[in-house]
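Participant: Fold the following.
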Amino acid sequence: MSTPANWQKSSYSGPGDGDSCVELASTPAVLHLRESDDPDTVLTTSPPPVGHLLQAIRTGTVGAPRS
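Facilitator: Numbers count the residues shown, from 1 in each chain. Now for the predicted structure:
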């Protein structure tokens, strides 16, 4: 599977941060994540698991057992 060429850095990564940030590229069905200092290693997932993770972070339930 090829990854898109339009990688985006976090807006929290300032010019003094060098290559220490997470980058994201997406297609309609797939999200690609990589660390700037290791661009050859790419984590590929879909939007629903990322949405669940973000919701768990927002509600403080990361790692809590599901009911």
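Participant: Assumed residue 28 was part of a strand.
Facilitator: No: the assignment for residue 28, made by DSSP: H, G, I helix; E, B strand; the rest coil, is coil rather than a strand.
Participant: gap between it and residue 60?
Facilitator: To residue 60, residue 28 is 31 Å away according to Cβ to Cβ, to the nearest Å. Yep, even glycine has a C-beta here, placed from its N, CA and C like the rest.
Participant: So which of those two has more stuff around it?
Facilitator: Higher neighbour count among residue 28 and residue 60: residue 60, with 8 against 5, using other Cβ atoms under 10 Å.
Participant: where does residue 40 fall, phi/psi-wise?
Facilitator: phi -80, psi -20 (degrees, to the nearest 10).
Participant: Let me know the pLDDT of it.
Facilitator: pLDDT, residue 40: 87.
Participant: okay, which residue is most central for the protein?
Facilitator: Nearest to the mean C-alpha position of the chain, by Cα atoms, centre = their mean, lies residue 33 at 4.3 Å.
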